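1. My questions are about this predicted structure, shown below with the sequence.
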Amino acid sequence: MKQKEIRPVSKRDAQEYAKAVLENKYNITVNSIKYIGGGSFGFVFKADIDKEPFSIIMKACRTEGICEREASELTLLGADSLIKIPKVYFTFIATDEIPIDFIGMEFVEGTDCFMDFIKLLNSKKNKDRFADEITTIIHYWHEQTNDKFGLIGNAVYDEWLDFYQPFAADILDCARELTSSGKLEKKVLDTMERAWAAFDYIFSDKVETASLIHGDMNVMNIMSDKHLKPLAIIDPLESKWADKEYELFQLRNLTGDKFGLYDTYKAKYPVSEKCDIKTAFYALYHEVYAYIVSGTKVNFILMPLVKRMNKELDKCNL
C-alpha cells in the first residue's frame, strides 16, 4: 500500500482542460465554467453549455484509475436506487494534450449537508425525517447482494474477512512506518495496535451477506434542499460488496451524528451484536488508509475516531 500519485495539475489548469474537453471532443460551446468543490484527488466544475442538459458537472480526477472506477460505481448505484444518483454522460482519459481524466456527469440540485452548516439549524422534526429517509435509501442498497465479497468489478472473496483482514493488516503496517518517521502520532498507532490485538473478538460474528455499499456515505455526499429534503447522493468511493456495517461508520463522520444517522439506522434495521466496536475499528483504520493514499491527514476527523475506538475497547474490557 502506498500513496497514490497525484497528477500535478492546478485547479486553474484543470478548469481550462475541462472546457477544452467539452469544446474540442464533444463540440459543445461552454458559456461559463466555475469551480464548485474538490478534495485530495480531484476538482469539480459546473459548466453551463449551449445545448441540453445546459449544465454539466466536470470532475477532474487527479489520480489514475479513479475516473472509470467511479463512473462504474455511479452507474451501478443508480441502476436501482431510491434517490437520484448523477448520470454519467462520458469519461475522458488523459492524453498528452490534456493530462488529466474527467467524468462528465449530470448536475444535481441542492447543497451538501456538511459545508452548508445552516442545515444544522433545522428543526428536530426535519432532522428526524432526513435521517429516516437517508437510512431507508442506504438500506435499500444494502439489500442488494452478491455471492462474493470485494471491490465492485473485482469481488472474488468467499468470506468478508478474506478481503478485509489482509487489507487492515496492510494499513497497520503502513501506520507503523508513518509513526516511525514522525508522520503519524504515536497515540494513533497505539490505539490501532490495541484494536488489532482484539481483532478476533471484534470480528467474531461471521458476515453472512455481501451487501452493496456506497463506500463514502457521509453528509458531504448527501445533497438536499434547505429543509433537509434529500435530493441526490454523490461521490461513491471504492464501492464494494461488503459487510453492510462497513458503510455505517461514515454515518457518524463530520456532522453525521448531529442528524442522528447512525442511531437511526441501528434502530430501524438489524445489526450485529458488536456493531459499535466493529464500526469504530472500521472508522479508525479507514481514516488512516485515507491518509496513506492521499498524503492528507485530517486530525479533526482522526482524533475523535481514536477516542471512540478506545472508548469501545474499554467498554469491552479489551
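-> That came through fine.
2. how much space between Glu312 and Lys268?
-> 22 Å (C-beta to C-beta, to the nearest Å). Bear in mind the C-beta positions are built from the backbone N, C-alpha and C, glycine included.
3. More neighbours: those two, which one.
-> Using other C-beta atoms under 10 Å as the criterion, Glu312 and Lys268 rank with Glu312 on top: 21 against 13.
4. So that one sits against Asp276, correct?
-> Yes. If you go by C-beta atoms under 8 Å, Glu312 and Asp276 touch, sitting 5.7 Å apart.
5. the strands in the stretch 101-250 of the chain, which residues?
-> 101-106, 111-112, 145-146, 149-151, 154-157, 210-213, 222-224, 230-233, 240-242 (DSSP state E, counting those that start in this stretch).
6. and Asp190, which of the ones you listed is closest to it?
-> strand 240-242 (27.4 Å; C-beta to C-beta).
7. now the closest residue to Glu247 other than its chain neighbours, which residues is it bridged with?
-> Distances taken as C-beta to C-beta, 6 or more residues apart in numbering put Ile213 closest to Glu247, at 4.2 Å, once the chain neighbours are dropped. For Ile213, the beta-bridge partners are Lys240 (DSSP bridges).
8. Quick check, pLDDT for Ile213.
-> pLDDT, Ile213: 98.
9. Equivalent analysis for the one 10 residues further on, please.
-> Among the per-residue scores, Met223 shows a pLDDT of 97.
10. ok, now which ones touch it?
-> Val108, Glu109, Gly110, Thr111, Asp112, Cys113, Pro230, Leu231, Ala232, Ile233, Ile234 (C-beta atoms under 8 Å, 6 or more residues apart in numbering).
11. Show me which of the residues you listed is closest to Lys148.
-> Of these, the one sitting nearest to Lys148 (C-beta to C-beta) turns out to be Ile233, at 24.5 Å.
12. Look at that closest one and say how many residues are nearby.
-> Using other C-beta under 10 Å: Ile233 sits among 26 other residues.
13. so what pLDDT did it get?
-> For Ile233, pLDDT reads 98.
14. same deal with Lys25?
-> So, for Lys25, pLDDT stands at 85.
15. cool, and Asp13?
-> 96.
16. Same question for Gly38.
-> 83.
17. for it, helix, strand, or coil?
-> Applying DSSP: H, G, I helix; E, B strand; the rest coil to Gly38 yields a three-state assignment of strand.
18. which ones are touching it?
-> So Gly38 contacts Lys11, Val44, Ala60 (C-beta under 8 Å, 6+ apart).
19. Need the residue closest to the centroid of this structure.
-> Asp216 (1.9 Å; C-alpha atoms, centre = their mean).
20. from memory that one sits against Asp235, does it?
-> Yes. Taking contacts as C-beta under 8 Å, Asp216 lies within contact range of Asp235: 6.0 Å.
21. Give me the spatial nearest neighbour of the residue nearest to the centre of the chain, chain neighbours excluded.
-> With C-beta to C-beta, 6+ apart, the residue lying closest to Asp216 is Leu237, at 3.7 Å.
22. neighbours around the one you found, how many?
-> The burial count assigned to Leu237 is 19, neighbours taken as other C-beta under 10 Å.
23. for Trp241, same thing?
-> Neighbour tally, Trp241, other C-beta under 10 Å: 23.
24. what about it, distance to Glu247?
-> 12 Å.
25. got any residues that touch both of those two?
-> Counting by C-beta under 8 Å, 6+ apart, the residues touching both Trp241 and Glu247 are Ser211, Ile213.
26. Let me know the secondary structure of Val271.
-> coil.
27. Show the pLDDT at the spatially closest residue to it that is not a sequence neighbour.
-> Nearest non-adjacent residue to Val271, counting by C-beta to C-beta, 6+ apart: Glu245, 6.3 Å away. Reading off the confidence values, Glu245 has pLDDT 98.
28. got a list of what Glu245 touches?
-> Here Glu245 is in contact with Val271, Ser272, Cys275, Lys278, Thr279, Tyr282 (C-beta under 8 Å, 6+ apart).
29. Quick check: it vs Pro304, distance?
-> 19 Å.
30. repeat for Ile103
-> Distance of Ile103 to Pro304, computed by C-beta to C-beta: 32 Å.
31. between the two, who's got more neighbours?
-> Ile103 (23 against 16).
32. does the more buried one really touch Thr75, like I thought?
-> No. Using C-beta under 8 Å, Ile103 is not in contact with Thr75; the gap is 10.8 Å.
33. Mind listing the shared neighbours of the two?
-> Here Ile103 and Thr75 have Val88 as joint contacts, going by C-beta under 8 Å, 6+ apart.
34. Alpha carbons only: can I get the helix or strand of the chain with the lowest mean pLDDT in PDB?
-> Ranked by mean pLDDT, DSSP states H and E, the weakest helix or strand in the chain is strand 30-39, scoring a mean of 92. What follows is strand 30-39, C-alpha atoms only, in PDB (Å, rounded to 0.1, in the frame of the first residue of the first chain):
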ATOM      1  CA  VAL A  30     -19.200  26.400 -23.000                       C
ATOM      2  CA  ASN A  31     -20.900  29.700 -21.900                       C
ATOM      3  CA  SER A  32     -19.300  29.600 -18.400                       C
ATOM      4  CA  ILE A  33     -17.500  27.300 -16.200                       C
ATOM      5  CA  LYS A  34     -16.800  27.600 -12.500                       C
ATOM      6  CA  TYR A  35     -15.200  25.600  -9.700                       C
ATOM      7  CA  ILE A  36     -17.700  24.300  -7.100                       C
ATOM      8  CA  GLY A  37     -15.600  21.900  -4.900                       C
ATOM      9  CA  GLY A  38     -13.000  19.300  -4.600                       C
ATOM     10  CA  GLY A  39     -10.600  17.400  -2.400                       C
END
